[in-house]
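In: A structural model of the following input is requested.
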Amino acid sequence: MRAARLPETFVVQVAGNDREVLKLLRSEPKASGLERFAAILDADTDLEKRWAEARGALRAAGYRDLPEQPAPGGTIVHDADLPPAGIWLMPDNRLPGILEDFLAFLIPSGDALLPLVDAFLDGIPLPARRFAAKDRSKARIHAWLAAQEQPGKPLGLAMRARYLDAEAAAVAPFLSWLRATLVD
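Out: Modelled structure (predicted):
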């Protein structure tokens with residue numbers, strides 16, 4: 001593996017939700033003066049719909065050569081007059097889902113606790129279930145984290161504590177995409 005030269009200036013802008021990310025995709029490429037940028041969106045329940053929204057935002061920003069489908073390893077689009085733009089649809093550019101689905105891929109293989117968490121969540125009667133069906137992935141990862149040695153660690157700290165496996169196979173395509181988008 002060769003060492004990558006990191007840019008001297010690196011800006012991370014956190015948007016509150018996917019709608020804000022899509023809004024930034026429409027405006028930032030022209031207005032920001034950035035050399036390149038990356039956007040991470042949740043695919044949610046409909047990957048094709050989310051990709052259509054991302055394509056529409058990029059088209060509104062002036063990008064013309066946009067693929068019909070997201071690339072499995074993350075999409076990077078180029079336009080002569082605009083910075084390269086990378087788009088990653090969580091969890092893996094192929095499945096519907098959210099960040100928490102990606103993080104579930106990082107739970108160590110064969111983890112004995114995860115089936116118990118799934119059984120617990122599935123055993124909550126619908127009238128008593130306080131989370132929406134669309135939020136099951138969030139409930140799952142947070143319930144799993146609640147049962148760790150230090151319960152309830154935030155997601156980022158769970159990585160540092162090595163509860164989640166940063167070497168899991170699902171991480172490599174994401175890091176490759178991020179490197180290709182922002183460094184190479």
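In: Which residue ranges of the chain form helices?
Out: Secondary structure of the chain (DSSP state H): helices at 18-31, 47-61, 99-104, 113-123, 136-146, 155-160, 171-182.
In: quick one: which of those has the weakest pLDDT on average?
Out: Comparing mean pLDDT across the helices of the chain, the lowest value falls on helix 18-31: a mean of 85.
In: Flag every buried residue along that helix.
Out: Neighbour counts over helix 18-31 (16 or more other Cβ atoms under 10 Å) mark 18, 21-22, 24-26, 28-29 as buried. In this view, the C-beta of every residue, glycine as well, is placed from N, C-alpha and C.
In: again, but for stretch 170-184
Out: Buried residues in stretch 170-184, defined by neighbour count with 16+ other Cβ under 10 Å: 171, 173-174, 177, 180-182.
In: Just send these back as a markdown table, with distance to residue 92 too.
Out: A markdown table is the format used below for those (distance: Cβ to Cβ, whole Å):
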| residue | distance to residue 92 |
| --- | --- |
| 171 | 11 |
| 173 | 7 |
| 174 | 8 |
| 177 | 10 |
| 180 | 16 |
| 181 | 16 |
| 182 | 19 |
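In: So which of those residues is the closest to residue 82?
Out: Nearest to residue 82 among those, counting by Cβ to Cβ, is residue 181 at 13.6 Å.
In: Buried residues, stretch 78-86. List them.
Out: By 16+ other Cβ under 10 Å, the buried positions in stretch 78-86 come out as 79, 82-86.
In: I meant to write stretch 113-132 there.
Out: So stretch 113-132, judged by 16+ other Cβ under 10 Å, has buried residues 114, 117.
In: Check the offset of it from the chain's centre.
Out: 24 Å (Cα atoms, centre = their mean, to the nearest Å).
In: repeat for stretch 148-157
Out: On Cα atoms, centre = their mean, the centre of stretch 148-157 falls 19 Å from that of its chain.
In: what does it contact?
Out: For stretch 148-157, the surrounding residues in contact (Cβ atoms under 8 Å, 6 or more residues apart in numbering) are 99, 103, 141-142, 145-146, 158, 161, 163.
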